[in-house]
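>>> Pasting the sequence and the predicted coordinates here, then a few questions.
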Amino acid sequence: GNQNPRQAVALMVSLRLRCVGTAVSLASVAAFHAITPRACPYAPPLLRRPSAHACSPKAVSLSWLRCCVAAPPEAPEGTPLEKALPVHLPSNDESAKLLRIRHTAAHVMAMAVQKLFKEAKVTIGPWIEKGFYYDFDMPEAFQDKDLRKIKKEMDKIIQMKLPLVREEVSRDEAARRIREANEPYKLEILEGLQEPITIYHIGDRWWDLCAGPHVHHTGELPKDAIALESIAGAYWRGDERRPMLQRIYGTAWETTEQLAEHQRLVQEAKRRDHRTLGKALKLFSIQQEAGGGLVFWHPKGARVRRLIEEYWKEAHLAAGYDLLFTPHMASIDLWKTSGHFDFYKDGMFDQMEVEGAEYQIKPMNCPFHVLIYKDELRSYRDLPLRWAELGTVYRYERSGTLHGLFRVRGFTQDDAHIFCLPEQLADEIVGVLDLTENILSKFGFKEYEVMLSTRPEKAVGSDEIWDKATSALESALARKDWGFSVDEGGGAFYGPKIDIKIKDAIGRLWQCSTVQCDFNLPERFGMEYVSAGGARERPIMVHRAIYGSIERFFGVLLESTAGDFPFWLAPVQLRLLPVSDDFRPFCDEVLAQATAAGLRAEIDVGGRSLSKQIKVANQEKIPILAVIGKDEVESRTLNLAPRKGGDLGRLPIVDAIARLAEAERQAVDHLTCSSISSAAPMLTFRHRQARHAAGLAAPAAVHGVRVEFPCTLNEGDGGWGSNVLCYSSMRAHKRAQHSAI
């Protein structure tokens, strides 16, 4: 009685499946009715009426079950219903204090490890984005239980308030102390250090080679805002030929609230792990029998991928690109000409011999596009040329680095290359950024972090061409009014570049799009065009990718949505749930009409109770459910229930399908009662008797023809008050009061 309505509804929803198949007690119904607003969209019609207590138990149970279909997914146990104010998690760049805390925490952890494990050798221990780590050489593997011991010892060190003291020493003195401490890895580190050599002491009990910075004493570390998180393996210096070390990761924050928020986000990230979701939703798999790093797309995942690719193609064609297809392999001579064999040999698979010649499976698409350019002499009038390809490439990755869809050995790049005149470069870059924004926003990514990388010390091309290209990139970003950071000297050796990171639903940044100028390949391949003056000149070549790769983008999208894809992208948009097999013929009829209308629909496999069907459909994140029983068959209607909540009530089959088809056409993200209703205004004609137009939707869908009925609506006709286009079918009704095209 003290719970607010939202809490009450959530409580009853959390119990919904426990009472399926049994009569709901009248007391429960009365209690639910008493605490639920009459207009609650989750309450079935039976429970919205004052006479609900007079309903039979069987009717109440069935009505409750239909309500379950429309109920939102349950909140995880222990999750507060009211959203708390967000806790800001500062970065190392934002807070010098936080950086010092993390750096000192790494030293304190290493000190604690060496106190507990005398045989442990220390290597490096930097601060990182969310905390710190330290690598150790240990004869025995650390166990998870050891993390608790280490943290307990760290707390003791923190409570001792030991001072951190900086000391400058000579190289010889540092080497002497390192040998005395028997720390061989530190000797190797010392060889790469520049003068002055500095050591930081924790009291007089422990020291390490370090440049700082640190807190003044260990007591400044907030021990309740520090946690040890995990253990991993890492090769010394990242070289698989060197010893395997053990890395302990930790996190450190300024307050306990920040730590709690970080840990919440870590758990949320685990819940969203694309590898787990990919398996649970039957989207893709990595088959070890075939080899690591190779993706197998299952039917549902392939549907989503097809939609991603189709949208990409449509957007590129509309932006003036031509699409290409190129081979999967080429002579090794091509890769030597392009420079890939010299610069990227370690990332390429071994060559194969074909009739005495060596062939290389392609690691990149660029040289293929260059060859097409060179197939004929180009004029300045031909430029710019914009060519795009969804090209699958293959790169060697060590097995230890493979990670779901994020790090694979075979992947499809959404590659494109622009060949243009120097004076066209700025406009072309703006066009690329516009296209990037349009495509990324389609999938809900609207916040970016942009980086402009400039000329490194070793580079090809003249200073003049570098300056012009860099100015063009800066100008394009300014015209877009996008803020950006500059990575001085961080460009590729062949040209400056723009990198775009996208922010997902829980605030994580993902490297995604890139735009790169290239002065190298045009020179290596002798690319030319005939200028207005008749001279032969080099074109500017621009590499760009928006998704980066289909696999990686799919993984990012899957984690950002937690598998709850937008309606237009969902692998299954509508699932029919027959109460019994007697109603399957009707389901087959509905399925045929829905499929003809372009919807991705299916019927539950059967052999399980309705409650189980609902549970499975919610687990599989199906956007729209429709229970099919006696009432639906007799009235030839559908009761569409969006998983996000709400209930449309019964609609004629053709009307229901037309509304969903229109929502698909409009690329609606997530369907609710309001979004489905607004997606298909065909029943809100000025004259209510024009409802017969709804009966024309199915034949139109079958033939793929759409007829437009311009209709003027006023407030009394449905609140639109404007001219809208209502889409019906190809069969003109003799009583229709509007002219069909």
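The structure has been received and is ready for your questions. All of these numbers come straight from a predicted model, not from anything done at the bench. Numbers count the residues shown, from 1 in each chain.
>>> which ones are touching D415?
Shown in contact with D415 (CB atoms under 8 Å, 6 or more residues apart in numbering): M364, N365, C366, H369, A388, E389, L390, G391, H543, A545. Backbone N, C-alpha and C define where each C-beta goes, glycine included.
>>> Now it: closest residue in space, sequence neighbours ignored.
N365 (4.4 Å; CB to CB, 6 or more residues apart in numbering).
>>> The nearest residue to P367 once chain neighbours are set aside and S611, how far apart?
Excluding its sequence neighbours, the residue lying closest to P367 (CB to CB, 6+ apart) is S338, at 4.4 Å. S338 sits 60 Å away from S611, going by CB to CB, to the nearest Å.
>>> So the two - more neighbours on which side?
More crowded of S338 and S611, by other CB atoms under 10 Å: S338, with 22 against 16.
>>> Contacts only, for that one.
C366, P367, V370, L521, R524, F525.
>>> what does W127 give?
Taking CB under 8 Å, 6+ apart, one finds N92, L99, R102, H103, A106 in contact with W127.
>>> Go again with 6 Å.
W127 sits next to L99, R102, H103 when contact means CB atoms under 6 Å, 6 or more residues apart in numbering.
>>> Check G483 too.
Contacts of G483 by CB under 6 Å, 6+ apart: none found.
>>> The residue nearest the centre of the chain: what's it in contact with?
What sits nearest the mean C-alpha location of the chain, by CA atoms, centre = their mean, is V556, with 2.1 Å. Applying CB under 6 Å, 6+ apart, we find V556 in contact with W510.
>>> Report the rounded mean pLDDT for the helix or strand harbouring it.
Here V556, judged by DSSP states H and E, is contained in helix 550-561. Averaging pLDDT along helix 550-561 gives 96.
>>> Run through who's touching whichever helix or strand comes after it.
Next in sequence after helix 550-561, counting helices and strands by DSSP H and E, comes strand 574-578. Strand 574-578 has contacts (CB under 6 Å, 6+ apart) with 584, 587, 594, 599, 601-604, 613, 617, 622, 624-628.
>>> switch the cut-off to 8 Å
Counting by CB under 8 Å, 6+ apart, 69, 584, 586-587, 590-591, 594, 599-604, 606, 610, 613-614, 617, 622-629, 640, 660 sit against strand 574-578.
>>> Direction included, what does that strand pair against?
Taking DSSP bridges as the criterion, strand 574-578 forms sheet pairs with strand 601-603 (parallel), strand 624-628 (parallel).
>>> Could you point out the helix or strand that follows the shortest one?
Read it as strand 601-603. Sequence-wise, the next helix or strand downstream of strand 601-603 (DSSP H and E) is helix 610-619.
>>> name the helices or strands packed onto that following helix?
helix 57-70, strand 574-578, strand 624-628 (3 or more CB pairs under 8 Å, 6 or more residues apart in numbering; DSSP states H and E).
>>> Could you give the average pLDDT over it?
Mean predicted confidence for helix 610-619 is 94.
>>> Measure how far that helix is from the centre of its chain, please.
26 Å (CA atoms, centre = their mean, to the nearest Å).
>>> pull the CA atoms of it into PDB?
The C-alpha coordinates for helix 610-619 follow below in PDB (Å, rounded to 0.1, in the frame of the first residue of the first chain):
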ATOM      1  CA  LEU A 610       2.000 -20.000 -23.600                       C
ATOM      2  CA  SER A 611       3.800 -18.800 -20.500                       C
ATOM      3  CA  LYS A 612       7.000 -20.500 -21.800                       C
ATOM      4  CA  GLN A 613       6.500 -19.000 -25.200                       C
ATOM      5  CA  ILE A 614       6.300 -15.500 -23.700                       C
ATOM      6  CA  LYS A 615       9.300 -16.100 -21.600                       C
ATOM      7  CA  VAL A 616      11.400 -17.300 -24.500                       C
ATOM      8  CA  ALA A 617      10.300 -14.500 -26.700                       C
ATOM      9  CA  ASN A 618      11.300 -11.900 -24.100                       C
ATOM     10  CA  GLN A 619      14.600 -13.600 -23.600                       C
END
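>>> Report the buried residues of that helix.
L610, S611, Q613, I614, K615, A617, N618 (16 or more other CB atoms under 10 Å).
>>> and if you look at stretch 157-171?
I157, I158, L162, L164.
>>> ok, now stretch 557-574?
Quick answer for stretch 557-574 (16+ other CB under 10 Å): 557-574.
>>> what do you get for stretch 276-289?
L277, G278, L281, L283, F284, S285, I286.
>>> can the strands paired with strand 574-578 go into a markdown table with extra columns for mean neighbour count and distance to W510?
As requested, those are exported to a markdown table (neighbours: other CB atoms under 10 Å; distance: least, CB to CB, whole Å):
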| stretch | mean neighbour count | distance to W510 |
| --- | --- | --- |
| strand 601-603 | 19 | 32 |
| strand 624-628 | 25 | 29 |
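>>> and G491, which of those strands is closest to it?
With CB to CB as the criterion, G491 lies closest to strand 624-628 of the strands paired with strand 574-578, at 48.2 Å.
>>> still on that earlier bit, and which of the contacts of W127 is nearest D146?
R102 (20.9 Å).
>>> which strands and helices sit next to the helix or strand harbouring the closest one?
Assigned by DSSP H and E, R102 belongs to helix 96-116. If contacts are counted by 3+ CB pairs under 8 Å, 6+ apart, helix 96-116 sits against strand 121-122, strand 127-128, strand 131-137, helix 144-159, strand 197-202, strand 206-209, strand 226-235, strand 244-252.
>>> ok, now with 7 Å
When contacts are defined as 3 or more CB pairs under 7 Å, 6 or more residues apart in numbering; DSSP states H and E, helix 96-116 sits against strand 127-128, strand 131-137, helix 144-159, strand 197-202, strand 206-209, strand 244-252.
>>> Format these as TSV; extra columns: mean pLDDT and distance to V668.
Shown next, in TSV, are these (pLDDT from 0 to 100; distance: least, CB to CB, whole Å):
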stretch	mean pLDDT	distance to V668
strand 127-128	94	40
strand 131-137	96	40
helix 144-159	96	45
strand 197-202	95	58
strand 206-209	94	57
strand 244-252	96	39
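>>> wait, which of the ones you listed is closest to L187?
When the helices and strands packed on helix 96-116 are compared by CB to CB, strand 206-209 sits nearest L187, at 9.9 Å.
>>> Name the strands paired with that closest one and say parallel or antiparallel.
strand 197-202 (antiparallel).
>>> okay, the angle between the strand it pairs with and helix 144-159?
Counting by axes from the mean of the first three to the mean of the last three CA atoms, to 10 degrees, strand 197-202 lies at 90 degrees to helix 144-159.
>>> Quick check: buried residues in strand 197-202?
So, applying 16+ other CB under 10 Å, buried residues of strand 197-202: I197, I199, Y200, H201, I202.
>>> again, but for stretch 507-518
Quick answer for stretch 507-518 (16+ other CB under 10 Å): R508, W510, C512, S513, T514, V515, Q516, C517, D518.
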